[in-house]
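[1] just a sequence and a predicted model for now, questions to come.
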Amino acid sequence: MSRRSPSRSAFLPEFLEPRLLLTGYVVNSLDDIVASDGVVTLREALEAANRNKAVTADVSAGNPFGFDEVTFDLPALQAQAGPGNPLVIRLTGSELEITSDLVVTGPGAEMLTIDAVGLSRVLTVRYTGTEAVVRGLAITGGVATSGGGVYHGGQTLTLEDVVVEGNQAYGSGGGIYSGQSATLRLTDVVVRNNSAALGGGGVSIRTSGTWTNVEIRGNTAETGGGVSASGSQLSLVNVLVADNTARGNGGGLYLSGQTRLTNCTVAGNESLSSANGGICYGGYSRLVLNNCIVALNQGVGSAPEVSPLAEYGYNLIGIDPGFQDAANGDYRLGAWSLAINGGENASAIDPAGDPLSTDLQGLPRVMDDRVDLGAYEYSGGAGPSGE
């Protein structure tokens, strides 16, 4: 699935605007070293920002009183990689760390990859009070006890236009692990083909999160093949959870806490040993579904979609809605899908209460007079009446 570049009215998220960007670093080398050699590597930039110290002659000290910024010199990186070659920063055995307020802006998730090549985790964001934004890159090849791709133990981590793919955890959170007392914001993010021995093949989260325009696909774990959430407060909008597998409960989602899904599609997931192929939740939990599709999930037993019952409103649960090509992983709506015009406009809102303007693939959210169900709005013309 190709990723579009999200439009941004401002360079920084709203919660960063009152803060002053004090030190800027421009990465112009794909190497993973710290040395005074006339170029700036990503590791050098992060260490200088974290330590507020000029770690080499090529970088200045970060400032402890605001957000520092890391960007990338795309022509320089392309020249180093060679014509037609991918831009990959291959880590040499130790993870990258963010321990101070920082914004990292890559050229795009399809253009720049950070690869731990199976030797370490890719990225850790740690320390209470740390706020970080990472955008415009791919994270792969990470291996760790928890959070093979990303371990989040700071205050707030925002990922935008990021692909987290092909990472592994011996514990929880194959792609991403987000610990307690933290907030994980995901926008225009793909989490795919990650694995965990315990919970959350894609994401394991123990805190609050707001996820918009996110694809969680092809991940595996013991519980929560796509996502395992423990004691969390989550809001998911325009999210696809598809083709994930759990050996135990929750092939797609394993939830404990307060979770609201709005215009989401949970389909094609599987539990190998329980009835909860799509969504499993319980233990003083609350699950609210609005304008969602939960269908074509598989489990062992009679309740493969959602277990136990959730609070529903304008959803398709356990009914094939008519996807374009579910057998090949295309969960967009077909021309005569039951989901077209089947939703409630008043419920198609983001966490701030504003009407949704686009769907998962960036198309206008309401094509006719009434919103469609699921993560995708049908765009091929007028659909059947939802009346």
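    On my side now, so go ahead.
[2] my guess is T113 contacts L91. True?
    No. At 11.0 Å, T113 does not count as touching L91 under the criterion of CB atoms under 8 Å. C-betas here are computed from N, CA, C, even on glycine.
[3] show me the contacts for L159.
    The contact partners of L159, by CB atoms under 8 Å, 6 or more residues apart in numbering, come to V134, R135, V150, L184, R185, L186, T187, V189.
[4] identify the bridge partners of it.
    Per DSSP bridges, the residues bridged to L159 are V134, L186.
[5] ok, it to G251 distance?
    24 Å (CB to CB, to the nearest Å).
[6] in the longest strand seen in the chain, what counts as buried?
    The single longest strand within the chain, with elements called by DSSP state E, is strand 227-242. By neighbour count with 16 or more other CB atoms under 10 Å, strand 227-242 contains the buried residues 227-230, 232-242.
[7] which of those residues has the weakest pLDDT?
    When the buried residues of strand 227-242 are sorted by pLDDT, the bottom entry is S232 at 85.
[8] burial of the nearest residue to it once chain neighbours are set aside, as a residue count?
    Using CB to CB, 6 or more residues apart in numbering and skipping residues adjacent in sequence, the residue nearest S232 is G257, 4.1 Å away. If you count neighbours by other CB atoms under 10 Å, G257 ends up with 20.
[9] next: A352.
    Quick note: A352 (other CB under 10 Å) scores 6 neighbours.
[10] quote the end-to-end distance of stretch 141-152.
    17 Å (CA to CA, to the nearest Å).
[11] name the residues that touch it?
    Looking at stretch 141-152 with CB under 8 Å, 6+ apart, the contacting residues turn out to be 91, 95, 115-126, 139-140, 157, 159, 164-179, 182, 184, 194, 196, 204.
[12] what average pLDDT does it get?
    Stretch 141-152 comes out at a mean pLDDT of 98.
[13] in three-state terms, label V40 for me.
    coil (DSSP: H, G, I helix; E, B strand; the rest coil).
[14] spatially central, which residue of this protein would that be?
    V189 (4.1 Å; CA atoms, centre = their mean).
[15] ok, that one to A197 distance?
    23 Å.
[16] again with T210
    28 Å.
[17] pLDDT wise, what is T223 at?
    So T223 comes in at 96 (pLDDT).
[18] where does it fall, phi/psi-wise?
    phi -130, psi 150 (degrees, to the nearest 10).
[19] for it, give the beta-bridge partners.
    Beta-bridge partners, per DSSP bridges, of T223: G199.
[20] list the contacts of it.
    Here T223 is in contact with L198, G199, G200, A246, R247, G248, N249, G250, Y254, C280 (CB under 8 Å, 6+ apart).
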